[in-house]
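*Asks:* Take a look and give me a structure for this.
(chains A and B)
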Amino acid sequence: MVKFLPLKEAVAENLHDGDTVAFEGFTHLIPTAAAHEAIRQGFRDLTLIRMTPDLIYDQMIGMGMAKKIVFSYVGNPGVGLLRRARDAIENGFPRSIEVEEHSHAGMANAYEAGAAGLPCAVFRGYRGAGLVEVNPNIKSVTCPFTGEVLAAVPSIRPDVTFIHAQKADRKGNVLVEGIIGIQKEAVLAAKRAVVTVEEVVDSFDDLHPNLTVLPRWTIAAISVVPGGSHPSYAHGYYVRDNAAYLEWDEIAGDREKFQAWMQANVIEKSANDFAARIEHLRRAA
Amino acid sequence: MSDNDSPLGFTPNEMMTIAASRALKNDDVCFVGIGAPSAACNVARLTHAPDITLIYESGTIGTAPDVLPLSIGDGELCETAVTTVAVPEMFRYWLQGGRISIGFLGAAQLDKFGNINTTVIGGYFHPRTRLPGGGGAPEIATSSKEIYITMAQSKRGMVEKIDFFTSFGHGEGGDHRKRLGIDTSGPTLLITDLAIWKPDPLTKEFIVVSLHPGVTRQQVQESCGWTVRFAEALDETPAPSELELKTLRDLQARTKAAHEGTGKGKAA
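*Replies:* Next comes the predicted model:
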């Protein structure tokens, strides 16, 4: 049953060295605060799964926490490349990492299959694509009814998934709205799920009946971290800090600059520092 | 950018975006790649195709952003969309389901058959440069009814042989798509900063069908890594209209102002 915990405890209880972990959020609602807490606690040998690894995986890879990444777009959205991930892939710095690369369709189908309790996902994909030749986890099956050859990939079943969401009610049910990405599937595919939220409200009684609500019994722990997805955004709370994404390109481009930035902005900070970072990004209502 | 200083009154990049926007129709359902395709699609929507359905891979369907998004998942896309669906639904029902008429892609590396590489420069396992990869492109390229490609020309970008098949165009040309069981049309249009290209109906090699105003055949060849073929009846692309230019420049000015506006706080 869900527990409300300070982020430090929620991460310590649910993440372990060697885990397969997804920090999901498709551009929107990226669980940055949870990732930074994982960095402070210094986990090792993680298999990091995410469609769009983004800044937080660039940071975790740069800090040497990952032994493998599973992804479908290893870029800084709208800016360009992820320079710490590149350094690891191209130069093995600070350690070499194993790469399992898919397309978005492949990852989305694999998460959905994980949530559905299936061993693999079947879809029409990867036709003529070079990934088939470099990723042994992309295989094919023949439809028993039509004979069509379809792509098959193993389902994604993380040990733990972290997401950020707008709000929880007092019972621990969680609301996700706006660009909902792959969060619901990532939570339901995982053995454990940890959610950071902008705020807790009394009840969800007045919500529209079709909104995306994750019932409290699908979640292990909730931590209240206002601003917890900065420099990503939380629909209805604050906008994306596009300038921070542009700045990251320069920070991550240099090993020493990166280390200094991580020390000052992550290692020496806490989850409580996020609220101040989004003050100027809140929209006048 | 010194747009107004260029001798023609517009830049090659503006011509590219506007020529690309003209290819889109009011009833198209367009899966939009970020960057140059996104600008072209929104200029189309703001000029001759007000009812075009623009879809970004974040799940935003029928979006009408006032400023160009920096990423495929900016809040602006969701706020102005007809509906926003989950990412698996996006790829399963809407793309795989055959609802997309045009997939609009950019490219880091392109060959003459419209095959695209955005994955690596060099070998896959020991790349010289690790690029972001395909994202949605591998399936956009085969599930959309047609593919339009837009990119600025360069010898590095337009090459005889791409380093990696991120998304499949016409493969080795001819009926290669058909042989793989792909029943969509693939790349049918390439718009660069110098010219408009269409595939030869038989070989599927892109040939230049229209030169932008002031552009010579020699310029096209000098910035392309393969031997360029030109159509026998070569057109000249009509110059941007005042409305098209104003729409594009206003959109870019709004975009610049909006994205700089977030830069006042601390980075994290």
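
*Asks:* switch to C-alpha atoms for all contacts and neighbour counts from now on
*Replies:* Fine.

*Asks:* List the buried residues in stretch B:49-68.
*Replies:* Within stretch B:49-68, the residues that qualify as buried by neighbour count (16 or more other C-alpha atoms under 10 Å in any protein chain shown) are B:49, B:51-65, B:67-68.

*Asks:* Can I get that stretch in CSV, CA atoms only?
*Replies:* Extracted as CSV, the C-alpha positions of stretch B:49-68 are listed here (Å, rounded to 0.1, in the frame of the first residue of the first chain):
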residue,chain,number,x,y,z
ALA,B,49,-4.1,25.1,-45.0
PRO,B,50,-5.9,26.3,-41.8
ASP,B,51,-7.6,23.0,-41.2
ILE,B,52,-4.5,20.8,-41.5
THR,B,53,-4.2,18.3,-38.7
LEU,B,54,-0.7,18.5,-37.2
ILE,B,55,0.4,15.6,-34.9
TYR,B,56,3.5,15.5,-32.8
GLU,B,57,4.8,12.2,-31.4
SER,B,58,4.1,13.3,-27.8
GLY,B,59,0.5,12.4,-28.5
THR,B,60,-0.8,15.8,-29.4
ILE,B,61,-3.4,15.5,-32.2
GLY,B,62,-4.7,18.5,-34.2
THR,B,63,-2.3,21.0,-32.5
ALA,B,64,-2.1,24.7,-33.4
PRO,B,65,0.8,26.2,-31.5
ASP,B,66,1.2,30.0,-31.5
VAL,B,67,5.0,29.6,-31.2
LEU,B,68,7.2,26.8,-32.6
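
*Asks:* how about it, does it get close to chain A?
*Replies:* Yes. Using C-alpha under 8 Å from any C-alpha of the partner chain, stretch B:49-68 comes into contact with chain A via B:58-60.

*Asks:* Equivalent analysis for stretch B:185-196, please.
*Replies:* No. If you take C-alpha under 8 Å from any C-alpha as the test, stretch B:185-196 misses chain A, and the best it gets is 11.7 Å.

*Asks:* circling back: strands - which of the residues of stretch B:49-68 next to chain A land there?
*Replies:* Judged by DSSP state E, the residues of stretch B:49-68 next to chain A include residue B:60 as members of strands.

*Asks:* I'd like the residues of stretch B:49-68 next to chain A written out as a markdown table, with distance to residue A:136 added.
*Replies:* Shown next, in a markdown table, are the residues of stretch B:49-68 next to chain A (distance: C-alpha to C-alpha, whole Å):
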| residue | distance to residue A:136 |
| --- | --- |
| B:58 | 27 |
| B:59 | 29 |
| B:60 | 32 |
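
*Asks:* which residues of the chain fall in helices?
*Replies:* Went with chain A since none was named. Along chain A, counting by DSSP state H, helices occupy A:7-14, A:32-41, A:54-62, A:83-91, A:104-115, A:131-134, A:183-189, A:242-252, A:255-262, A:274-277.

*Asks:* Chain B, not that one
*Replies:* For chain B, the helices defined by DSSP H occupy B:12-22, B:36-46, B:75-79, B:87-89, B:137-143, B:176-179, B:217-222, B:242-260.

*Asks:* Take the ones you listed and write them to CSV, including distance to chain A.
*Replies:* Formatted as CSV, those follow (distance: least, C-alpha to the nearest C-alpha, whole Å):
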stretch, distance to chain A
helix B:12-22, 17
helix B:36-46, 11
helix B:75-79, 6
helix B:87-89, 5
helix B:137-143, 6
helix B:176-179, 8
helix B:217-222, 27
helix B:242-260, 6
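
*Asks:* sorry, back to before: out of the buried residues of stretch B:49-68, which sit inside strands?
*Replies:* Mapping the buried residues of stretch B:49-68 onto strands (DSSP E) picks out B:53-56, B:60-61.

*Asks:* Which parts of the stretch 51-200 of chain B are strands?
*Replies:* B:53-56, B:60-61, B:83-84, B:102-105, B:109-110, B:116-117, B:120-122, B:127-130, B:146-150, B:187-191, B:195-199 (DSSP state E, counting those that start in this stretch).

*Asks:* which one of the ones you listed is the most hemmed in?
*Replies:* Highest mean neighbour count among the strands of the stretch 51-200 of chain B (mean count of other C-alpha atoms under 10 Å in any protein chain shown): strand B:116-117, with a mean of 30.

*Asks:* Report the distance from it to the chain centre.
*Replies:* What separates the centre of strand B:116-117 from the centre of its chain is 12 Å, taken as C-alpha atoms, centre = their mean, to the nearest Å.

*Asks:* With stretch B:168-185 instead?
*Replies:* 20 Å.

*Asks:* which parts of that stretch are buried?
*Replies:* B:168-174, B:176-177, B:182, B:184-185.

*Asks:* Those into a markdown table, with extra columns for pLDDT and distance to residue A:7?
*Replies:* Converted to a markdown table, the buried residues of stretch B:168-185 look like this (pLDDT from 0 to 100; distance: C-alpha to C-alpha, whole Å):
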| residue | pLDDT | distance to residue A:7 |
| --- | --- | --- |
| B:168 | 98 | 44 |
| B:169 | 98 | 47 |
| B:170 | 98 | 50 |
| B:171 | 98 | 50 |
| B:172 | 98 | 53 |
| B:173 | 98 | 55 |
| B:174 | 98 | 57 |
| B:176 | 98 | 53 |
| B:177 | 98 | 51 |
| B:182 | 97 | 48 |
| B:184 | 98 | 49 |
| B:185 | 98 | 51 |
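
*Asks:* right, and out of those residues, which lies closest to chain A?
*Replies:* Lowest distance from chain A to the buried residues of stretch B:168-185 (C-alpha to the nearest C-alpha) belongs to residue B:168, with 5.3 Å.

*Asks:* Between the strands of the stretch 51-200 of chain B, which one is closest to residue B:259.
*Replies:* With C-alpha to C-alpha as the measure, strand B:53-56 is the member of the strands of the stretch 51-200 of chain B nearest residue B:259 (18.8 Å).
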